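Novice: could you look at this predicted model? Sequence included:
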Amino acid sequence: MLDAAGVPAQLMARLVPSGGVVGRVTAEAAALTGLATGTGVAAGGHDHIVGAFGVGATEPGILLNSLGTAEAMVLALRAPTLTDALFEQRGHLGIHAAPDRYYTTGGVAGQGASLEWARELLAPGEPGEPGYRRLNALAAAAPPGSGGVVFLAHLRGAGRPHNDPTARGALVGLTPGASRAIVARAVFEGMAFASRTLLESMEAATGVRAEAMLVIGGGARNPTWLQIRADVMQRPLRVVAVDEATAWGAAALAGLGAGVYADTQAMLTRAAFPAQLIAPNPAHADLYERAYRDIYFPLYAALRATNREIDRLGT
């Protein structure tokens with residue numbers, strides 16, 4: 001790649017694995033930072049990948065699900081999967097922070113933003129945590145399926161596999177009976193449907209099924225969102241009890257570089273975090289399967305031309 005781009009290799013940093021020592025703190029840097037001269041400096045990695053490393057999402061079929069303002073999924077792989085489907089989806093593929101492992105990753109840009117939008121709309125005057133509690137209570141009061149109301153969770157465009165920045169969100173199926181509770185639950189369900197779309201596209205492109213899903217991030221503290229996600233995807237979620245998984249993962253890589261841990265397995269054994277299991281409700285499986293396959297998934301294609309015309313208007 002460097003040759004094709006005409007970039008001399010000597011301009012680039014030396015290649016080292018994550019956790020590999022790249023140098024030592026100099027006397028000048030020690031004076032500026034307070035770190036001891038000679039302290040080892042280890043290579044880190046991309047934030048979500050480092051988070052996956054820290055909580056043990058390193059074996060093929062283990063997926064890290066980070067829920068924040070944007071949602072990210074990282075699926076560990078044994079080998080790079082250079083498939084046509086991955087190329088067509090413009091899927092990301094990279095080397096994991098764990099040795100001899102690869103990953104594919106994707107995201108849903110508007111997840112946390114959708115929640116914030118719904119809170120401001122449905123719980124006005126209740127900012128912050130009280131507003132989100134009110135939103136959760138509204139959603140919990142509505143029945144699964146939201147009375148036929150469906151939220152297309154594309155407030156910030158559509159990611160993988162659509163990759164369409166002109167996509168917009170939508171509420172479909174509104175009737176006079178569409179209460180605030182119905183709309184609140186539809187938002188939660190729509191976000192879960194968007195996550196399922198991403199997950200299934202990643203699995204289809206790699207041929208690897210996510211047998212375990214480890215959840216981190218701010219959204220991991222929202223029980224309503226988590227239960228609806230488990231029900232929509234009909235898969236158990238394991239909510240990892242760690243507040244800052246990415247920061248911990250970076251520290252764990254430093255621990256490898258410093259020799260605190262002999263290898264990745266030793267780190268995972270000594271720093272294992274408990275996880276809360278969120279099991280899917282089988283009673284909701286058929287309803288959500290039909291709602292996803294027959295209503296939610298076709299909505300993007302049905303509204304694509306309309307949204308592109310809206311985009312051309314510049315509004």
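Specialist: Looks like it arrived, so ask away. Numbering: from 1, shown residues only.

Novice: low-confidence stretches in the protein?
Specialist: 315 (pLDDT under 70).

Novice: report the central residue of it.
Specialist: residue 72 (1.9 Å; CA atoms, centre = their mean).

Novice: any idea which element it lies in?
Specialist: strand 71-77 (DSSP states H and E).

Novice: now do residue 184
Specialist: Going by DSSP H and E, residue 184 is part of helix 180-206.

Novice: after that helix, next one along is what?
Specialist: Downstream of helix 180-206, the next assigned helix or strand under DSSP H and E is strand 212-216.

Novice: contacts made by the following helix or strand past that next one with the rest, please.
Specialist: Next along the chain after strand 212-216, taking DSSP H and E as the criterion, comes helix 223-233. With contact meaning CB atoms under 8 Å, 6 or more residues apart in numbering, helix 223-233 is reached by 67, 115, 136, 139-140, 144, 185, 188-189, 191-193, 195-196, 199, 215, 219-220, 236-237, 239, 278-281, 284-285, 288, 292. Where C-beta positions appear, they are placed from N, C-alpha and C, glycine not excepted.

Novice: please redo it, this time with the cut-off set to 7 Å
Specialist: 136, 139-140, 188-189, 192-193, 195-196, 199, 215, 219, 236-237, 239, 278-281, 284, 288, 292 (CB atoms under 7 Å, 6 or more residues apart in numbering).

Novice: give the buried residues for the helix holding residue 184.
Specialist: For helix 180-206, burial by neighbour count (16 or more other CB atoms under 10 Å) applies to 180-203, 205-206.

Novice: do I have it right that the residue nearest to the centre of the chain meets residue 104?
Specialist: No. With contact defined as CB atoms under 7 Å, residue 72 does not reach residue 104; the gap is 11.5 Å.

Novice: distance of residue 25 from residue 149?
Specialist: Residue 25 sits at a distance of 57 Å from residue 149 (criterion: CB to CB, to the nearest Å).

Novice: of those two, who's got more company?
Specialist: Neighbour count, other CB atoms under 10 Å: between residue 25 and residue 149, residue 149 has more, with 22 against 16.

Novice: just checking, the more buried one touches residue 170?
Specialist: No. Taking contacts as CB under 7 Å, residue 149 lies outside contact range of residue 170: 10.7 Å.

Novice: for the stretch 1-150 of the chain, just list every one of the helices.
Specialist: 2-5, 27-33, 47-55, 84-88, 111-122, 128-141 (DSSP state H, counting those that start in this stretch).

Novice: what's the neighbour count on the closest residue to residue 224 other than its chain neighbours?
Specialist: Distances taken as CB to CB, 6 or more residues apart in numbering place residue 136 nearest to residue 224, at 4.1 Å, with adjacent residues excluded. Applying the criterion other CB under 10 Å, we find 20 residues in the vicinity of residue 136.

Novice: please tell me how far residue 136 sits from residue 219.
Specialist: Distance from residue 136 to residue 219, by CB to CB: 12 Å.

Novice: what do you get for residue 7?
Specialist: Computed as CB to CB, the residue 7 to residue 219 distance reads 39 Å.

Novice: contacting residues around stretch 65-72?
Specialist: Taking CB under 7 Å, 6+ apart as the rule, stretch 65-72 contacts 48, 51, 73, 105, 107-109, 111-113, 195, 213-220.

Novice: please redo it, this time with the cut-off set to 8 Å
Specialist: 48, 51, 64, 73-74, 105-113, 195, 198, 213-220, 222, 225, 237, 245.

Novice: likewise stretch 257-273?
Specialist: 19-21, 40-43, 53-56, 58, 98-99, 240-242, 248, 252, 255-256.

Novice: how about it: buried residues?
Specialist: 257, 261, 264, 267, 268, 271, 273.

Novice: hmm, residue 109 and residue 157 touching each other?
Specialist: Yes. Between residue 157 and residue 109 there is a contact under CB atoms under 8 Å: 6.1 Å.

Novice: looking at those two, which one has more neighbours?
Specialist: Counting neighbours by other CB under 10 Å for residue 157 and for residue 109 shows that residue 109 has the greater number, 20 against 17.
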